[in-house]
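Colleague: Fold the stuff below for me.
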Amino acid sequence: MAELTSQQKKDYARTLYLKDNLTQQEIADKVGVSRQTIIRWMAAGQWEKLKVGITLGREQQIANLHRQVMELNNLILSRPEGERFANPAEADTLGKLAAAIKKMETEVGIADLVNVGMRFIEWIRPIDLDKAKEITVLWDKFIKDNLS
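Modeller: This is a model prediction of the structure:
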């Protein structure tokens, strides 16, 4: 890996961290830097936030919210006839869950941005490797701006 620039090593390390389930030491060994360098890059680039966003994607979060709404509705429907309505706390919870679902369905999250960027870079890499490297650096800056 001696032919790679520091930025290329950092990009490679970030990709390994986000895509593979490797330890910091394993990433350091593959990239050819120290474990402390990986730790420093992780902190500076907020890789943990990126990984959390990727791990639990928007679709999965929306599905979890829908399950919570279903559970609450099932609880309400299990009551005796004439009592099948939400109490104030349940109504409040249903409203908050509905708002969260709507927000997640209409907003683009960091995980979506990261996933689209990674897919695009993987697509362009066999076509134009230099352009893929350039886009990787720009996309990384774009993601960091959106995290701030």
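Colleague: Give the helix, strand or coil label for E81.
Modeller: Three-state assignment for E81 (DSSP: H, G, I helix; E, B strand; the rest coil): coil.
Colleague: contacting residues around it?
Modeller: By CB atoms under 8 Å, 6 or more residues apart in numbering, E81 lies in contact with nothing. (C-beta placed from N, C-alpha, C; glycine too.)
Colleague: Distance-wise, check it relative to I127.
Modeller: To I127, E81 is 64 Å away according to CB to CB, to the nearest Å.
Colleague: Could you do D11 as well?
Modeller: Counting by CB to CB - D11 and I127 are separated by 18 Å.
Colleague: So which of the two has more stuff around it?
Modeller: Each of D11 and I127 has its neighbours counted (other CB atoms under 10 Å); D11 has more, 21 against 8.
Colleague: Assign V137 to helix, strand or coil.
Modeller: helix.
Colleague: mind listing what it touches?
Modeller: Here V137 is in contact with Q7, D11 (CB under 8 Å, 6+ apart).
Colleague: confidence score at it?
Modeller: Note on V137: pLDDT of 89.
Colleague: cool, E3 as well?
Modeller: So E3 comes in at 69 (pLDDT).
Colleague: All the helices of this structure, residue numbers only.
Modeller: 6-19, 24-31, 35-45, 47-55, 58-77, 88-106, 110-124, 129-147 (DSSP state H).
Colleague: which of the ones you listed has the lowest average pLDDT?
Modeller: Among the helices of the chain, helix 47-55 scores lowest, with a mean of 74.
Colleague: Pull the contacting residues for K133.
Modeller: Q8, D11.
Colleague: One more pass at 7 Å, please.
Modeller: K133 makes contact with Q8, according to CB atoms under 7 Å, 6 or more residues apart in numbering.
Colleague: K144 versus that one, what's the distance?
Modeller: 17 Å.
Colleague: Which positions within stretch 89-109 qualify as buried?
Modeller: L94, I101 (16 or more other CB atoms under 10 Å).
Colleague: ugh, wrong one, stretch 120-129
Modeller: Applying 16+ other CB under 10 Å to stretch 120-129 flags I121, I124 as buried.
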